[in-house]
Each structure stands twice: as C-alpha cells, then as structure tokens.
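S.K.: My questions are about this predicted structure, shown below with the sequence.
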Amino acid sequence: MNLSKETDGIRTVALRNRHSGASKSLATRSARGTLRGSCLRGAAQLRYSPMSLLHPNRPSSTQAPHLDRVAPRAAIPGGSFEIFGSHLLPVTNDGPQLPSATFGDTTAYFDLVRPGRALLRVPEGAIASDLTLRANGVASNVLHANIAVPMADELHLVSNPTIDTDGNLFAMISGPRGERVPVSIVRIGRDLQARPFARDLLNVTALAFGPDSYLYASSRAEGTVYRISPEGDHISTFAEGMGVATGIAFDRDGNLFVGDRSGTIFKVGPYGSRNPGEVFVFATLEPSVAAYHLAFRDDGTLLVAAPSTSSNQPIYAIAPNGDTSIFYQGLGRPQGLALDSIGNVYVAASLQGRRGIVRITPDGSSAELFIAGNDLVGLCFLDDGCAALATNGTLFHLDLGITGRALV
C-alpha cells in the first residue's frame, strides 16, 4: 500500500494550482478520493476491516466466540478446562482483546487463549453450570461444565477414601509422620455430615473394607494393619511387621494385600481362616518414594501405582501367581486407583503435563485426562453414579454417571 505516492500527489496538485482556488479545490478532492481508495484496497489486502482503519475505536470483528467442546469430562476448583472453538481471541484495531468467561454467575480466568483453543481455570466457589465466553460485548453459545463441589475439608488424605455397603464414605486424617492426631478416620454419611469414626491411630495411610464388613487401615509408621468394627468402637491389630505399610486391597477370596513401599507386596490370610493375619511375600517391585496404591481387576490381577521421581512412570499388573508386568506407562506421580464396572482404570496422576484423574482403557492401550485437578491424590466411586475425589485436604463430590467396580 503506497500511501507516500498518493500523498505527494496532493502536494503537487496543491502547489501547481496555488493561484487558482477552484482548480486547487477540485484537484485536492480528486487526490483525496484516490488516497481513500488506496487505503481501502490496502486494508482488504491486510485483512483489516476498512471501518476499523477509518474509525480506529471500532472493533475489526463482531463475530461471537463459538464453543465446540470442552475437555476433560470434569474438573475440581483449581483445575483447568481446555476449550476448543473459533473466534475465542478477537482482534481489534488495538490488537488481540482478551475475552471474559463465566461459569454460571462466577467469573473465571484464562491460563491461555488462542483463536481456536483456550485453557480456563475453574475458580473457587464455581459449581456445575453453563460456560459462556464474551468478547466485544457479544456472548458465545453455551456449553455445560461439570465441576466438583467440596463435601468435607480439614482432612489429611494420602490415598483413596472408601465406601461401605450402606453408602457411608470414610476418609483418613493421616497426620505428619510419627505424630498421632485426635481423630484418625472420619465417616461421612449420606447427609454429608462428617463425624469421628476412629481415634489415635498413627499415620493411617490406606483404607479398605473386608468381606467381614470391618474397615481395615494401614499405618505407614508402624508397618501395621488395623481391623476396625463397623461402629468404630473396637480396634485390633490384624497384621504387623510389614515395613512401611501403605496401600491395601482385598481379592475376591478375602485375602488382604499390603504394599510396603520399600519394594514388597505382602499377602495376608483372611480373617476367620486357618491363618488369619499370617503374612506372605507375594511380589516385589521397585521402591516408591511415597506409597504403593493397590486395586484389583475382576480377573484377579492386582494393579499397583508406585510414584517415583520419574515423569514416565508405570502402573504394574501382578497376576494371581505373582508374575509382574507393566499395564500402562507414561504417567507422572500416579497415586490412588479405582475401576469402573466395565474395567476402565482411573488413577490420580499427571498425563502429558496436566494433573488430575486419568482414565485408562481396560487393555491399557490408551489413556486420557478425565478430570482436571492439580492436587488430586485418589478417588472412589459411590453407589449412585457419583464419585468422591480426594485432594490432600478436601473431599469433593462429582456426578459422573459411572458405576464403580464392587470392592468386596
């Protein structure tokens, strides 16, 4: 766009007709018309709206942002949704203009915005609601955003919560290593009220219900598993001498499996058998820097997450005969595990740089970030299609419409 040539034309005509008012006026108007035409043609070549050049305070585009989809399936506050669409970052004469976003009536803020993709962080206080973007005063279409809500806080969770056959949820207050806390386990009823269930246990690390309806709890500080009556009024030592006892899980025969993060998976005879509490070495693995997390598949395979300092960590699969293989590899700091009724595996982990709950197909062939959340350490499925999600300090409730695998 050669504006200097047209401008020189105005000066030449004006000087040449300095003594002729009528000719000067006519020539100048003609040159200005030529200049304006040149500007409009140049604007088209540069893909600017002509109106934005002639009226610089007006936006170059009034197209509404369009939302195609959001991922992952859900998020907790602090997690981010990835938004895919078009016109998400409008461009005006002053450059790109950041849009605004809301979940219902709650304002949210972007981690990243591009014309076709954005990362939007879920603010505290947001609930499952409609997501809308607004740019240049024009609103986008609406997409539903599934957001978990807090159900209990002031906890210290280091692994999955668990659920009994009556739908009550149980979670630990683990406490610093070597320190007892006044309440070690809380029970959360269907009324969402948290009440003390067990007291004075040292560093509770994992919870699981046995086929006898008793709650079993491991202590990483003592290398012990405790057996707790359904009302919480009687606690006994079930098995001990298991190093740094962390994750626990029951198989269909009632055997208890305990992960010593130093490198051993123990098998403990079921209560009521000829060898209750008797400990056997079942398998050995690479040590974990934190804890082993255990879950069984329907075929009797034991899945184990063992977080380390690597960003390419596996989930191990241990066959009933103790043979070990890798079920899936490529996770960052995998922790609590759970399965749904069709065999999908859910694990609190990082995948491709994003933290949350990762869903892995039953055959271990592929994985996706399913729930976004930076501090998630575990989960369990409830009996109504919902899930309880655990961060270090808070339990969240989320409606997923998923039936979990029965644990006992």
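M.R.: All right, it came through fine.
S.K.: For Leu169, give its distance to Ala406.
M.R.: 16 Å (CB to CB, to the nearest Å). Every residue, glycine included, has its C-beta placed from N, CA and C.
S.K.: If you count surrounding residues, which of the two has more?
M.R.: More crowded of Leu169 and Ala406, by other CB atoms under 10 Å: Leu169, with 22 against 12.
S.K.: tally of neighbours for the closest residue in space to Phe238 that isn't next to it in sequence?
M.R.: Once flanking residues are discounted, Phe238 sits nearest to Arg227: 4.1 Å by CB to CB, 6 or more residues apart in numbering. By other CB under 10 Å, the residues close to Arg227 number 20.
S.K.: Pro276 belongs to a strand?
M.R.: No. Assignment of Pro276 by DSSP: H, G, I helix; E, B strand; the rest coil gives coil, placing it outside any strand.
S.K.: Now do the same contact list for it.
M.R.: Phe238, Gly269, Pro270 (CB atoms under 8 Å, 6 or more residues apart in numbering).
S.K.: returning to what we had before: OK, contacts around the residue nearest to Phe238?
M.R.: Taking CB under 8 Å, 6+ apart as the test, what Arg227 contacts is Gly210, Tyr214, Leu215, Tyr216, Ile235, Ser236, Thr237, Phe238, Tyr271.
S.K.: Apply 6 Å and report the result again.
M.R.: Tyr214, Tyr216, Ser236, Phe238 (CB atoms under 6 Å, 6 or more residues apart in numbering).
S.K.: In ChimeraX, how would I select just the buried ones from those residues?
M.R.: To isolate the buried ones among the contacts of Arg227 in ChimeraX, judged by 16 or more other CB atoms under 10 Å, type:
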select :214,216,238
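S.K.: which one of the contacts of Arg227 is nearest Thr106?
M.R.: Tyr216 (40.5 Å; CB to CB).
S.K.: how close does that closest one sit to Ala367?
M.R.: Counting by CB to CB, the gap from Tyr216 to Ala367 is 30 Å.
S.K.: What's the local residue count around the nearest residue to Tyr271 once chain neighbours are set aside?
M.R.: Closest residue to Tyr271 apart from its sequence neighbours, by CB to CB, 6+ apart: Asp212 at 5.4 Å. The local packing of Asp212 (other CB under 10 Å) involves 16 other residues.
S.K.: Okay, and His144 sits in which element?
M.R.: Secondary structure from DSSP states H and E places His144 in strand 143-145.
S.K.: Give me the buried positions along stretch 138-147.
M.R.: Quick answer for stretch 138-147 (16+ other CB under 10 Å): Val138, Ser140, Leu143, Ala145, Asn146, Ile147.
S.K.: swap that for stretch 211-223, please
M.R.: By neighbour count with 16+ other CB under 10 Å, stretch 211-223 contains the buried residues Pro211, Asp212, Tyr214, Leu215, Tyr216, Ala217, Ser218, Ser219, Arg220, Ala221, Glu222, Gly223.
S.K.: so Gly343 sits right up against Pro362, yeah?
M.R.: Yes. Counting by CB atoms under 6 Å, Pro362 is a contact partner of Gly343 at 3.5 Å.
S.K.: quick one: stretch 298-314 to chain centroid distance?
M.R.: On the basis of CA atoms, centre = their mean, to the nearest Å, stretch 298-314 is displaced by 19 Å from the centre of the chain it belongs to.
S.K.: Please apply the same query to stretch 63-70.
M.R.: 22 Å.
S.K.: Could I get the average pLDDT for that stretch?
M.R.: For stretch 63-70, the mean pLDDT works out to 95.
S.K.: By mean pLDDT, which helix or strand of the protein comes out lowest?
M.R.: Least confident helix or strand, the chain: helix 3-16 with a mean of 38, by mean pLDDT, DSSP states H and E.
S.K.: follow-up on the earlier one: so for the strand holding His144, mean pLDDT?
M.R.: pLDDT averaged over strand 143-145 gives 98.
S.K.: Report the distance from it to the chain centre.
M.R.: In terms of CA atoms, centre = their mean, the centre of strand 143-145 is set 16 Å apart from its chain centre.
S.K.: Kindly report the same for stretch 270-278.
M.R.: Worked out by CA atoms, centre = their mean, stretch 270-278 lies 40 Å from the chain centre.
S.K.: got the buried residues for that stretch?
M.R.: Pro270, Tyr271, Gly277.
S.K.: Can you get me the start-to-end distance on it?
M.R.: Stretch 270-278 has an end-to-end distance of 8 Å (criterion: CA to CA, to the nearest Å).
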